[in-house]
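Engineer: just the structure for this:
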Amino acid sequence: MDLNDIWCFVIKHDVMVRGWALIFVAGSGLWLTSKRLKLADANHLADTYTRAIDQIGSVSSTVQLGGLYALEELARKNKDYHWKIMKVLCAFVRRVAVYDSISVTVQAALTVIGQRKVHFDRPKDTEDNVAIDLSGAGLREADLIGAKLQSAKLHDTDLRSVKLNNAQLQKAQLQGADLEDAHFNGADLTGAHLERAILKDVHLGGAILKGVILAGAKVEGANVQGVNLEDSRLTQSQFESTNFDKYTIPPKGMTNPEATTSRGDSENP
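Structural biologist: Numbering: from 1, shown residues only. Sure thing, here's the model as predicted:
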């Protein structure tokens, strides 16, 4: 190898080294930029969350609503904040909803909770089950149509005249809840706990009541016309105190006096 070849070799490799160096520097710059953007985004989310929390603590309903809507947007877009926000909203409802009529802000919070992304519910890095907790709240006349309340803690809650049509209430904890004149038309109450609950004049048309536990529940006047109660856990006396008709299917092992009478009338014209 002569001097010219050596010089060409040095130049060629020098160009390669410089090229790799430039690539490394550019890559490092992009990495640092990405880290800075992520940090800025995290700081922005934290600021949004903190500001919204401050807003819902305001005495102004208008300011509270602004905070609630900000939290809703953050929960929908960021899974890491989702469950934290749901717990905040539940605490807000339990603290504020203590009057006979539902307020605009409480209804807004309930709407956010009921329409949340359920698949975001499980907190990161945990196997623990989670549940919406509205226990003991005063939710009379609230609109929870279609709400996602699977396994929700609703025991001892005032749910008089509440609208829960088509709601998802599988395994919901409704022990001791006051459900007088509540509307559950089309709701799924599979495996729900209604021990000691008050179901006077409740509307259950088209509701799914498979495995519902009603020990000690007050069901006098509950509207179960046309409802399939075959897999519910009612006693005969409880069943006969409800507002049933000949189309109501009674719990297993029980009879429907209305259906028996209807058959007797048809057999003896």
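Engineer: now residue 86: how far from residue 72?
Structural biologist: 10 Å (CB to CB, to the nearest Å). The C-beta positions use only the backbone N, C-alpha and C, and glycine is treated the same way.
Engineer: which of these two has more neighbours?
Structural biologist: Applying other CB atoms under 10 Å to residue 86 and residue 72 shows that residue 86 carries more neighbours, namely 23 against 20.
Engineer: contact partners for the more buried one?
Structural biologist: With contacts defined as CB atoms under 8 Å, 6 or more residues apart in numbering, the neighbours of residue 86 are 75, 113, 116, 121, 132.
Engineer: what about the residues you listed, which are in helices?
Structural biologist: Assignment to helices by DSSP state H places the following of the contacts of residue 86 there: 75, 113.
Engineer: need the worst-confidence member of the contacts of residue 86.
Structural biologist: In terms of pLDDT, the weakest of the contacts of residue 86 is residue 121, which scores 84.
Engineer: what's the closest non-adjacent residue to it?
Structural biologist: residue 130 (5.2 Å; CB to CB, 6 or more residues apart in numbering).
Engineer: can I get the contacts of residue 86 in JSON lines with distance to residue 192 and neighbour count?
Structural biologist: Output for these, formatted as JSON lines (distance: CB to CB, whole Å; neighbours: other CB atoms under 10 Å):
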{"residue": "75", "distance to residue 192": "26", "neighbour count": "23"}
{"residue": "113", "distance to residue 192": "18", "neighbour count": "23"}
{"residue": "116", "distance to residue 192": "20", "neighbour count": "21"}
{"residue": "121", "distance to residue 192": "18", "neighbour count": "18"}
{"residue": "132", "distance to residue 192": "14", "neighbour count": "25"}
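Engineer: identify the farthest-apart pair in the contacts of residue 86.
Structural biologist: Across the contacts of residue 86, no pair lies farther apart than 75 and 132, at 12.8 Å, counting by CB to CB.
Engineer: just the contacts of residue 86 now: which is nearest residue 183?
Structural biologist: Taking CB to CB as the measure, residue 183 sits nearest to residue 113 out of the contacts of residue 86, at 18.5 Å.
Engineer: low-confidence stretches in the stretch 1-150 of the chain?
Structural biologist: The model of the stretch 1-150 of the chain has pLDDT under 70 over residues 1-43, 99-100, 123-129.
Engineer: let's see that with 80 instead.
Structural biologist: For the stretch 1-150 of the chain, residues meeting the criterion pLDDT under 80 lie at 1-45, 98-101, 122-130.
Engineer: the residue nearest to residue 121 and residue 116, how far apart?
Structural biologist: In this structure, residue 130 and residue 116 are separated by 11 Å, where distance is defined by CB to CB.
Engineer: now residue 136
Structural biologist: Residue 136 is 21 Å from residue 116, by CB to CB.
Engineer: so the residue nearest to residue 121 sits in a strand?
Structural biologist: No: secondary structure assignment (DSSP: H, G, I helix; E, B strand; the rest coil) places residue 130 in coil, not in a strand.
Engineer: neighbours of it, how many?
Structural biologist: A total of 13 residues lie near residue 130 under the criterion other CB under 10 Å.
Engineer: is it correct that it is in contact with residue 84?
Structural biologist: No: using CB atoms under 8 Å, residue 130 is not in contact with residue 84; the gap is 11.1 Å.
Engineer: now residue 83: which helix or strand?
Structural biologist: Here residue 83 sits within helix 79-96, counting by DSSP states H and E.
Engineer: re earlier: of the contacts of residue 86, closest to residue 251?
Structural biologist: Of all the contacts of residue 86, the one with the least separation from residue 251 (CB to CB) is residue 132, at 28.8 Å.
Engineer: without its sequence neighbours, what residue ends up closest to that closest one?
Structural biologist: Residue 132's closest residue in space is residue 152 (CB to CB, 6+ apart), at 4.3 Å.
Engineer: hmm, residue 170 and that neighbour touching each other?
Structural biologist: No: using CB under 8 Å, residue 152 is not in contact with residue 170; the gap is 9.6 Å.
Engineer: returning to what we had before: can you pull the contacts of the residue nearest to residue 132?
Structural biologist: If a contact means CB under 8 Å, 6+ apart, then residue 152 has 131-134, 169, 172-173 as its contacts.
Engineer: fine by me, thanks again.
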